[in-house]
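[1] can't give you the sequence, but here's the structure:
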Ligand SMILES: Cc1ncc(C[n+]2csc(CCOP(=O)(O)OP(=O)(O)O)c2C)c(N)n1
Ligand code: SF4
């Protein structure tokens, strides 16, 4: 398999599809450290990247992987790392650096059971809030989730595009089930794939202000070595990139970091709705659980229950609007998650209508089955 | 001499940056910065092609002041960022500046692996025997028995020898200099930058404000003078006994070896990958087998 040359129907594993998506999006640098259940991403990229002139490197740990992908990004190359729970903990330090320096990059976290070494080969969704809040300080970030092999491909492309467009690290939350499930998918022709590259400065170098605001809230980004010598720092900086503690400059800078994401809301927030037109009950799910939920609503419909489903593809920024309208529309909402209720907290937070919320949590390392969800739908 | 100093100042300092800098008067960091700038100037490296990455600490502020592509990274991680930059754009000259705590405590793992990996990078480590920026706590190079803000009763651990650590970890070039021997330091840095492979320059420097004061080592001038007294050229040190070397340290080139540089080796990987892909494609065409495809 090379980078997809034309529409092809292929049998792929979730992890393989992430690789195909990354290559199609223009990823040319990967740094990683082996960990189950994400290792296939490293292994396949170590074969594929050199083929397309890119670079693969195995670093000494995930802190280093994260540093290396930011370095490559600052040098103008689209970059990615992939890891799981323990490694996801280690990337958090430099993830914050990517946020504050606005270095585009993609981080794949194939979730497994935790905490700590936890359940290395079992599925879980325990890192959802960590993906949002894991690195210290108020920071903007985008978190996407995948529920199928085909989404592994398309969402990874989207992740790179959003990352380049908004100059923000994008986290893809996959999970052990999606990662290791094989499904047949149709990979589109490369020419049909929309690829967005970061906007580079058009002004002469002496006019370039690396962190100057504009109408998008996203500064143009010059690569190291392209003649636009500038300073990059993890300290809060002014528009020239130099450290500042001036309250006005600090506030302006941090506000811009957050508002660039708010401005892009409609483009960033992705959800999918199924059978919601006439639904009076619904399931809100993400990741592999969305597959079980899909089956459950079909079975419920067969029994005359008006069930629908909202699948969250973007987890953060939280798809408040879609969730809000589902909550207003339905008399009850079921939220199955393979954690103790991380997204359900968010849903409770936006539940202005006071709709009945039923949590269904499973943390034994196994996928929530359609029947478990169906039982709730029947018992409502 | 003055003329050259003025030329260096004009050419390489960032005048639009809000000087003054953060360093204490007399800090050795300024001498290292000067030696580095003179080395780059002497080597005639175009400023656009130089990337300077640092970690966190007093030493970590150095890149802020100079007009290259500069990255002030996280504490201990400069080499990981440098690795990404170098692999993404091998044509750039990538230099890192780190403190002793930065490079050998929190960044110790990255340091030994960078040496082992042997990318074409240069690491300048300013060893002032303490965590200067955070107020003089003990670092991995704080001498046994010394006082620091976290070892007021005398330090009970033993110090790393940074240059020797770099040698055994596999660096291609390792040198040690001091802020007293400024011209010698400039030469060492030039050699390190020109070396193909991972090169390290350990610079013995003074933090009279934190380390010196607590250990009665005198003011900046006295500390810097002590480097003159205690430094022994490598060639001479090799002939001295351990007893004679007590309280002294060697300066000069400790190691200079030729070995494949992984930045270049990776091109071989790309070629191998392409050859293999062609072979598979030909095999497929011959046998009509389509792997993975329907
Ligand atoms: C992860 C992390 N831990 C701790 C710190 C606090 N810190 C800032 S500088 C520093 C020590 C710097 O000492 P050294 O590397 O020797 O450099 P110097 O200041 O002496 O030049 C520490 C511990 C930090 N910035 N990040
Ligand atoms: S605290 Fe020490 S290392 Fe830091 S600037 Fe002052 S003298 Fe230099």
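    Thanks, I have the structure now. Not measured: the values here are computed from a predicted model. Numbers count the residues shown, from 1 in each chain, chains lettered A, B, ... in the order given. Ligands and ions are numbered 1, 2, ... in the order given.

[2] Please enumerate the strands of the stretch 151-294 of chain B.
    B:173-178, B:199-204, B:231-233, B:249-256 (DSSP state E, counting those that start in this stretch).

[3] Go through the ones you listed and name the closest to residue A:233.
    Closest approach to residue A:233 among the strands of the stretch 151-294 of chain B (Cβ to Cβ): strand B:199-204, 22.5 Å. For glycine as for every other residue, the C-beta is placed from the backbone atoms N, C-alpha and C.

[4] From the contact counts, what lies against that closest one?
    If you count contacts as 3 or more Cβ pairs under 8 Å, 6 or more residues apart in numbering or on different chains; DSSP states H and E, strand B:199-204 packs onto strand B:122-127, helix B:162-169, strand B:173-178, helix B:182-194.

[5] So what's the model's average confidence on the last one?
    For helix B:182-194, the mean pLDDT works out to 98.

[6] name the helices or strands packed onto it?
    Looks like helix B:182-194 contacts helix B:29-42, strand B:122-127, strand B:173-178, strand B:199-204, strand B:249-256 (3+ Cβ pairs under 8 Å, 6+ apart).

[7] Next: the second one.
    Judged by 3+ Cβ pairs under 8 Å, 6+ apart, the packing partners of helix B:162-169 are helix B:108-117, strand B:122-127, strand B:173-178, strand B:199-204, strand B:249-256.

[8] run the last query once more with 7 Å
    helix B:108-117, strand B:173-178, strand B:199-204, strand B:249-256 (3 or more Cβ pairs under 7 Å, 6 or more residues apart in numbering or on different chains; DSSP states H and E).

[9] could you give me the average pLDDT of the last one?
    Computed over strand B:249-256, the mean pLDDT rounds to 98.

[10] And the closest residue to ligand 2 within the stretch 101-250 of chain A, how close does it get to residue A:70?
    The nearest approach of the stretch 101-250 of chain A to ligand 2 comes at residue A:243, 15.3 Å away (Cβ to the nearest ligand atom). Remark: distance between residue A:243 and residue A:70 (Cβ to Cβ, to the nearest Å) = 18 Å.

[11] Could you do residue B:178 as well?
    Taking Cβ to Cβ, one finds residue B:178 at 33 Å from residue A:70.

[12] and these two? which has more neighbours close in?
    Ranked by neighbour count (other Cβ atoms under 10 Å in any protein chain shown), residue B:178 and residue A:70 place residue A:70 first, with 31 against 25.

[13] For the one helix or strand the more buried one maps to, give me every contacting residue.
    For residue A:70, the host element (DSSP states H and E) is helix A:62-74. Contacts to helix A:62-74, defined as Cβ atoms under 7 Å, 6 or more residues apart in numbering or on different chains, come from residues A:29, A:31-33, A:57, A:59, A:79-81, A:83, A:87, A:90-91, A:93-95, A:97-98, A:103-105, A:224, A:232, B:71, B:73, B:77, B:80-85, B:87-88, B:110.

[14] Next step: the residues you listed restricted to helices.
    Cross-referencing the contacts of helix A:62-74 against helices under DSSP state H gives A:87, A:90-91, A:93-95, A:97-98, B:80-85, B:87-88, B:110.

[15] Out of the helices and strands packed on strand B:199-204, which one sits most buried?
    When the helices and strands packed on strand B:199-204 are scored by mean count of other Cβ atoms under 10 Å in any protein chain shown, the highest mean neighbour count falls to strand B:122-127 (a mean of 28).

[16] can you tell me if the helix or strand following it touches ligand 2.
    Where DSSP H and E defines the elements, the next helix or strand beyond strand B:122-127 is strand B:130-131. No. Strand B:130-131 lies out of reach of ligand 2 by Cβ under 6 Å from any ligand atom, never closer than 7.2 Å.

[17] what helices or strands is strand B:130-131 leaning on?
    If you count contacts as 3+ Cβ pairs under 7 Å, 6+ apart, strand B:130-131 packs onto no helix or strand.

[18] Please give the centre-to-centre distance between it and its chain.
    Centroid displacement of strand B:130-131 relative to its chain, using Cα atoms, centre = their mean, to the nearest Å, is 16 Å.

[19] And for stretch A:269-281?
    Worked out by Cα atoms, centre = their mean, stretch A:269-281 lies 21 Å from the chain centre.

[20] what comes up buried for it?
    Neighbour-count burial for stretch A:269-281, counted by 16 or more other Cβ atoms under 10 Å in any protein chain shown, picks out A:269-272, A:274-276, A:279, A:281.

[21] ok, and does the longest helix seen in chain B reach over to chain A?
    What stands out as the longest helix in chain B, according to DSSP H, is helix B:262-287. Yes. Judged by Cβ under 7 Å from any Cβ of the partner chain, helix B:262-287 comes into contact with chain A through B:266, B:269-270, B:273-274, B:277.

[22] Pull out the buried positions in that helix.
    B:262-263, B:266, B:269-270, B:273, B:277.

[23] Which members of those additionally contact ligand 1?
    Near ligand 1, judged by Cβ under 6 Å from any ligand atom, there are no entries from the buried residues of helix B:262-287.

[24] so how far is residue B:77 from the closest residue to residue A:258 other than its chain neighbours?
    Residue nearest to residue A:258 in three dimensions, not counting chain neighbours: residue A:140, with 5.3 Å by Cβ to Cβ, 6 or more residues apart in numbering or on different chains. Relative to residue B:77, residue A:140 is positioned 21 Å away (Cβ to Cβ).

[25] dump the residue contacts of residue B:147.
    Counting by Cβ under 7 Å, 6+ apart, residue B:147 has contacts B:154, B:214-215.

[26] ok, these vs ligand 1, which is closest?
    Looking across the contacts of residue B:147 and measuring by Cβ to the nearest ligand atom, the closest to ligand 1 is residue B:214, at 13.6 Å.

[27] Look up phi and psi at the residue lying closest to that closest one once chain neighbours are set aside.
    Spatially, and ignoring its direct neighbours in sequence, residue B:214 is nearest to residue B:147 (4.5 Å; Cβ to Cβ, 6+ apart). Torsion angles at residue B:147 (phi, psi; degrees, to the nearest 10) stand at phi -100, psi 140.

[28] Kindly provide the distance from residue B:147 to residue A:164.
    51 Å.

[29] returning to what we had before: looking at the strands of the stretch 151-294 of chain B, which is buried most?
    Mean neighbours per residue, mean count of other Cβ under 10 Å, is largest over the strands of the stretch 151-294 of chain B for strand B:199-204, with a mean of 30.

[30] can you pull the contacts of the closest residue to residue B:36 other than its chain neighbours?
    Distances taken as Cβ to Cβ, 6+ apart place residue B:189 nearest to residue B:36, at 5.7 Å, with adjacent residues excluded. Taking Cβ under 7 Å, 6+ apart as the contact definition, residue B:189 lies against B:35-36, B:39, B:124, B:201.

[31] TSV for those, including distance to ligand 1 and pLDDT?
    Shown next, in TSV, are these (distance: Cβ to the nearest ligand atom, whole Å; pLDDT from 0 to 100):
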residue	distance to ligand 1	pLDDT
B:35	16	98
B:36	15	98
B:39	20	98
B:124	12	98
B:201	15	99
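
[32] Just name the closest of the residues you listed to chain A, please.
    Lowest distance from chain A to the contacts of residue B:189 (Cβ to the nearest Cβ) belongs to residue B:36, with 15.8 Å.

[33] For chain B, give me the ranges with low pLDDT.
    Within chain B, the stretches with pLDDT under 70 are B:1, B:17-18, B:289-294.

[34] Domain map for it?
    Chain B breaks down by automatic domain parsing into domains covering B:2-259, B:261-294.

[35] ditto for chain A
    Using automatic domain parsing, the domain parsing of chain A gives A:3-192, A:205-266, A:272-379.

[36] Much appreciated, bye for now.
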